[in-house]
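K.L.:
I would like the atomic coordinates for the input below:
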Amino acid sequence: MTASTALVLIDGDIGKPETAAKVVEAAIKNFGGIDVLVNNAGNLSNEAFHRIFYRGLQRLGLNEPAGIPLHHSLTVKQMLKQKSGSVVSITAALADQPIHGVNGSVPMITKGGLNSIIRSLAIE
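P.N.:
Have a look, this model is predicted:
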């Protein structure tokens, strides 16, 4: 871990619980709490669905669906203790508004799912 007064870098796979725990612990230790969580991880491939479906699901399906809920649950737990905080999620407009000529169907499987999770979590 490398730290400065304004930055802490954490090495790890966002889809693993130990990485999520390290991120939250580092934020609390170095900054005294968590003000904002920005969910912004992902991959985009422009290959046609029929060419990469299974391989694409394996590649795309590992970090996004697991990583966001892991980080979200630990971070929101801390924000509830603090009685403050915000969550910002950046996925892809293509999940809700496909564009002709952009072959984004495989990555949009996870992005669309994340958009649904995010809306549900906002209500909770």
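
K.L.:
check the secondary structure at Gly101 for me.
P.N.:
coil (DSSP: H, G, I helix; E, B strand; the rest coil).

K.L.:
can you read off the pLDDT for it?
P.N.:
Reported pLDDT at Gly101 in the predicted model: 83.

K.L.:
that one: neighbour count?
P.N.:
Neighbours of Gly101 under the rule other Cβ atoms under 10 Å: 6. No exception for glycine: its C-beta is placed from N, CA and C like everyone else's.

K.L.:
equivalent analysis for the one 10 residues further on, please.
P.N.:
The burial count assigned to Lys111 is 22, neighbours taken as other Cβ under 10 Å.

K.L.:
is it true that it touches Ser89?
P.N.:
No: when contacts are counted by Cβ atoms under 8 Å, Lys111 is not listed as touching Ser89 (10.2 Å).

K.L.:
I'm done for today, thanks for sticking with me.
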